[in-house]
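Student: just a sequence and a predicted model for now, questions to come.
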Amino acid sequence: MALPTPPREPARRHHYLGDILSTIHSTAKGMALTMRYLWRKPVTMDYPKEKPVIDQRYRGIHVLDQQLCIYCDLCAKACPVDCIEMDAVRHGKEIEWKAFTLDYQKCMFCELCVYPCPKDCFIQGTEYSMVSEDRNDFVHDLLTWKGLREEEPS
Amino acid sequence: MGLQISFWIFSVIAVGGGLIALFERSVVRSAFALFGTFLGVAGLFLTLGADFLAWTQVLIYAGGIMVLYLFGLMLTKPSPFERNLRRIGLALGLTASFALLFFWRLFAGAEWGALPAAELPAPEPAARGIGLAFLRPEGWLYAFEFASIILLLALIGSVYIARRRSGPPPAEEAS
Amino acid sequence: MPGWLLTVWAAVVAMVVVFTFLTIMVMFSVWMERKVAGFIQHRVGPMRAGGFHGWAQSIADSIKLLFKEDLILIGADRKLFQIAPALVMATATAMFVVLPFAPGWQVADADLGVFLILALASVTTIGVIMAGWGSYNKWSVYGAMREAAQVASYEIPLALSLIPPILHYGTFSLATATEAQAGWGGMQWYVFSSAAPVAWLSFPLFFIAALAENKRAPFDLPEAESELVAGFHTEYTGIRFSFFFLEEYAAMFVMGAVGAALWFGGWNFPGIHLLEPGSALLQVLALFAFVAKAMALVFVMMWVRWTVPRLRIDQVMTLGYKYLTPLSMAVVLIAAFWEFGLHLIQD
């Protein structure tokens, strides 16, 4: 059984001169448009020399306020890809930090780690630039900002 | 002297192209060798000062007829009997003897020896002369027009042969 | 020095000069194309190489191409594969021989200038077919065949649309035609001359046919990136590819130059009659005028490329055979009547 074919468009009659004129007209319109665009200021941002304006809510590289953190591990547990690791020793109310690392090879910048923090000490900042030739540089130590420093891309 | 060098270079290209075209195994390669021959012949025309003829040779032969040959070669299946070089002996012998006979008769009456350069006429602007010759009634006007009519007939004939039979294309069979 | 050696030496010098000019001009054209494409598309194009708007981008690209690995497929026809880019490059360079850059500054004032250019343009086709076939790649052969069909179809309108200015100036030679446009203080160009309507009719036909001959958009099916990767030059890398690239821009310049010389006055600029013939200032300004006009036409070619969508091969053929060829024949008739027959109706 042959499949039902969609109805064909009614064939338009072609008039020689009319076709030529309409072609010229549409091509001219198109070229006028491109010529106008030629003179407009381009939307491109010359990235390394001009940086974009980043909103405060941007989910960039994390920032930890070490003074406020109480080592509750809620952010690490909330992380869907388990990229936060922390290690510390409690001396009474004092916390002796050994490490607080975030593996940016896994992090998907979803901000789920930020919400559970009871002390509002963990946020995602506005830094986004992270370039390195060594994989180990992507495991940031959020305590002393060891790992990748904010570098100017050259 | 310059004329001699030019003559030899272009002759080598022309004859060499022809030889490659004869003995090359791949048909497409021999077609390209033929293209080389056409260019060599155009060069010979240039050497003799016939510049219009030379560029017409390039335009029509090297640029037009070669494209036709190549289309024909590339778009058709090669025959299994394409290049049977073993049988070439008889054909080669016959051709060579006829060619020798022909050229011997042709050159028997010629005077050999290079022309002193002073005797060669300076090449005139060829386009004007050719145009006048073709378009004057006492020139070759009638032959020119007749040739163009023949080409027109060939064109119409080929369009007629290649035309699609009128009517809608055959419909699908309903099962 | 014997005469023939002098000729050979002159030819070598000319070749070096032409090739140098060609290379610089092509690099400039490629940069211009990328910038024009960028700005038309509301972006910037190259910006970093060399500082000011990436002017050194072409140089960087050429150096990169030189370092690329030279691949030849195992089943490919080596000889054809290698000869094709050379052939294409040679014919493109040879077309520069008859271009009138300035009064007296021409490699050869051949009596048959435009005819030579037409002849060499058709030889380029053979090189393209050779490239497609030698690539051992079905899609390359398709691209080559499409290109050959397209170029062959548009040779007729190209040649016919060149006839009106040739008829008006009575010569194939571009230099002579340019000299004849020196009136009116250097503004008696063909498009402003007594045969202006014919000029304005024939120029668009020439331009469209030239676009199709050069495989430029909207006629760039032979290189259709979305369909055939790169058409007939898919399998070419490094220097060999750069030859094809060079040829494309060289041919664009030649067509722009022919258009400038025959329709827009060539090296003439307003005020040329005020300068002493033979003076250095005149020569330099004339050269500048000629190159500027040719590049202006090249700019228009680029402008069209980034405006009009690509035509399908059947649309290309329709346009060529059903529209351009009859129209150019009609324009030749009109031109012939205008030049020679007007007196017949002025009883």
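Tutor: Nice, thanks for sending it over. Residues are numbered from 1 along each chain as shown, chains lettered A, B, ... in the order given.
Student: roughly how far does the nearest residue to C:Pro277 once chain neighbours are set aside sit from chain B?
Tutor: Closest residue to C:Pro277 apart from its sequence neighbours, by CB to CB, 6 or more residues apart in numbering or on different chains: C:Pro103 at 6.9 Å. Using the backbone N, CA and C atoms, a C-beta is placed for each residue, glycine as well. As for C:Pro103, its distance to chain B is 20 Å (criterion: CB to the nearest CB, to the nearest Å).
Student: what's the answer for C:Ala251, then?
Tutor: Counting by CB to the nearest CB, the gap from C:Ala251 to chain B is 14 Å.
Student: where does A:Met86 sit: helix, strand or coil?
Tutor: Taking DSSP: H, G, I helix; E, B strand; the rest coil as the rule, one finds A:Met86 in the strand state.
Student: leaving out chain neighbours, which residue sits closest to it?
Tutor: A:Phe100 (4.6 Å).
Student: now do the buried residues in the helix or strand where that neighbour lies.
Tutor: For A:Phe100, the enclosing helix or strand under DSSP states H and E is strand A:94-103. Across strand A:94-103, burial judged by 16 or more other CB atoms under 10 Å in any protein chain shown covers A:Trp97, A:Phe100, A:Thr101, A:Leu102, A:Asp103.
Student: reformat the residues you listed as CSV; add distance to A:Thr126.
Tutor: Output for those, formatted as CSV (distance: CB to CB, whole Å):
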residue, distance to A:Thr126
A:Trp97, 25
A:Phe100, 20
A:Thr101, 21
A:Leu102, 16
A:Asp103, 21
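Student: for chain C, what lies in contact range of chain B?
Tutor: Within reach of chain B by CB under 8 Å from any CB of the partner chain, chain C has these residues: C:2-4, C:7-8, C:77, C:79-80, C:83, C:110-112, C:115-116, C:118-123, C:125-126, C:129-130, C:133, C:141, C:145, C:148, C:152, C:155, C:172.
Student: so which of those sit within helices?
Tutor: Per DSSP state H, helices hold the following members of these: C:3-4, C:7-8, C:79-80, C:83, C:115-116, C:118-123, C:125-126, C:129-130, C:133, C:141, C:145, C:148, C:152, C:155.
Student: any of the residues you listed buried? List them.
Tutor: C:80, C:83, C:115-116, C:118-123, C:125-126, C:129-130, C:133, C:141, C:145, C:148, C:152, C:155.
Student: stretch A:62-79 - what's its average pLDDT?
Tutor: Average pLDDT, stretch A:62-79: 89.
Student: what is the neighbour count of C:Arg146?
Tutor: C:Arg146 is flanked by 25 other residues according to other CB atoms under 10 Å in any protein chain shown.
Student: roughly how far does it sit from chain B?
Tutor: If you go by CB to the nearest CB, the gap between C:Arg146 and chain B works out to 11 Å.
Student: so that residue sits against C:Ile313, correct?
Tutor: Yes: counting by CB atoms under 8 Å, C:Arg146 does reach C:Ile313; the two are 5.5 Å apart.
Student: quick check: neighbours shared by the two?
Tutor: By CB atoms under 8 Å, 6 or more residues apart in numbering or on different chains, C:Arg146 and C:Ile313 have these common neighbours: C:Leu221.
Student: sorry, back to before: which of the ones in helices among the residues of chain C next to chain B come close to chain A?
Tutor: Of those, not one also sits near chain A (CB under 8 Å from any CB).
Student: quick check: residues of chain B near chain C?
Tutor: Checking chain B against chain C by CB under 8 Å from any CB, the hits are B:1-3, B:5, B:26, B:28-29, B:32, B:35, B:39, B:51-52, B:55-56, B:58-59, B:62-64, B:66-67, B:70-71, B:74-75, B:125-127.
Student: out of those residues, which are buried?
Tutor: Buried, going by 16+ other CB under 10 Å: B:3, B:26, B:28-29, B:32, B:35, B:39, B:51-52, B:55-56, B:58-59, B:62-63, B:66-67, B:70, B:74, B:126-127, out of the residues of chain B next to chain C.
Student: how about the nearest residue to the spatially most central residue of chain B, chain neighbours excluded?
Tutor: Centroid-nearest residue in chain B, with CA atoms, centre = their mean: B:Tyr61, separated by 5.2 Å. Computed as CB to CB, 6+ apart, the closest residue to B:Tyr61 that is not its neighbour in sequence is B:Phe38, at 4.4 Å.
Student: so where is chain A shaky, pLDDT-wise?
Tutor: For chain A, the stretches with pLDDT under 70 are A:1, A:144-154.
Student: flag every residue of it that's near chain C.
Tutor: A:20, A:27, A:30-31, A:33-35, A:37-40, A:42-44, A:46.
Student: ok, and the most crowded of those residues?
Tutor: A:Thr34 leads the residues of chain A next to chain C on contacts (other CB under 10 Å) with 19 neighbours.
Student: how about the residues of the stretch 201-347 of chain C by chain A?
Tutor: Counting by CB under 8 Å from any CB, the residues of the stretch 201-347 of chain C that sit close to chain A are C:Trp303, C:Val304, C:Trp306, C:Thr307, C:Val308, C:Tyr323, C:Leu327.
Student: which of those sit farthest apart?
Tutor: C:Trp306 and C:Leu327 (25.4 Å; CB to CB).
Student: how near is C:Ser152 to B:Ile65?
Tutor: For residue C:152 the amino acid is Ala, not Ser. According to CB to CB, to the nearest Å, C:Ala152 stands 11 Å off from B:Ile65.
Student: so where's the stretch 151-300 of chain C uncertain?
Tutor: C:222-231.
Student: and the strands in it, which stretches?
Tutor: Here the stretch 151-300 of chain C has no strands by DSSP state E, counting those that start in this stretch.
Student: helices along that one, start to end?
Tutor: Secondary structure of the stretch 151-300 of chain C (DSSP state H, counting those that start in this stretch): helices at C:174-179, C:183-186, C:196-213, C:225-228, C:238-263, C:280-305.
Student: can you lay out the ones you listed as JSON lines showing mean neighbour count?
Tutor: Shown next, in JSON lines, are the helices of the stretch 151-300 of chain C (neighbours: other CB atoms under 10 Å in any protein chain shown):
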{"stretch": "helix C:174-179", "mean neighbour count": "23"}
{"stretch": "helix C:183-186", "mean neighbour count": "16"}
{"stretch": "helix C:196-213", "mean neighbour count": "21"}
{"stretch": "helix C:225-228", "mean neighbour count": "13"}
{"stretch": "helix C:238-263", "mean neighbour count": "24"}
{"stretch": "helix C:280-305", "mean neighbour count": "18"}
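Student: could I get the ones you listed as a markdown table with distance to A:Phe122?
Tutor: What follows is the helices of the stretch 151-300 of chain C, written out as a markdown table (distance: least, CB to CB, whole Å):
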| stretch | distance to A:Phe122 |
| --- | --- |
| helix C:174-179 | 75 |
| helix C:183-186 | 75 |
| helix C:196-213 | 61 |
| helix C:225-228 | 47 |
| helix C:238-263 | 52 |
| helix C:280-305 | 53 |
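Student: to C:Pro164, which of those helices lies closest?
Tutor: Of all these, helix C:196-213 comes closest under CB to CB, at 4.2 Å.
Student: contacting residues around that closest one?
Tutor: Here helix C:196-213 has contacts from C:121, C:150-151, C:153-155, C:157-158, C:160-165, C:168, C:190-191, C:193, C:217-219, C:251, C:255, C:258-259, C:263, C:297, C:300-301, C:304, C:316, C:319-320, C:324, C:327-328, C:331, C:334-335, C:338, using CB under 8 Å, 6+ apart.
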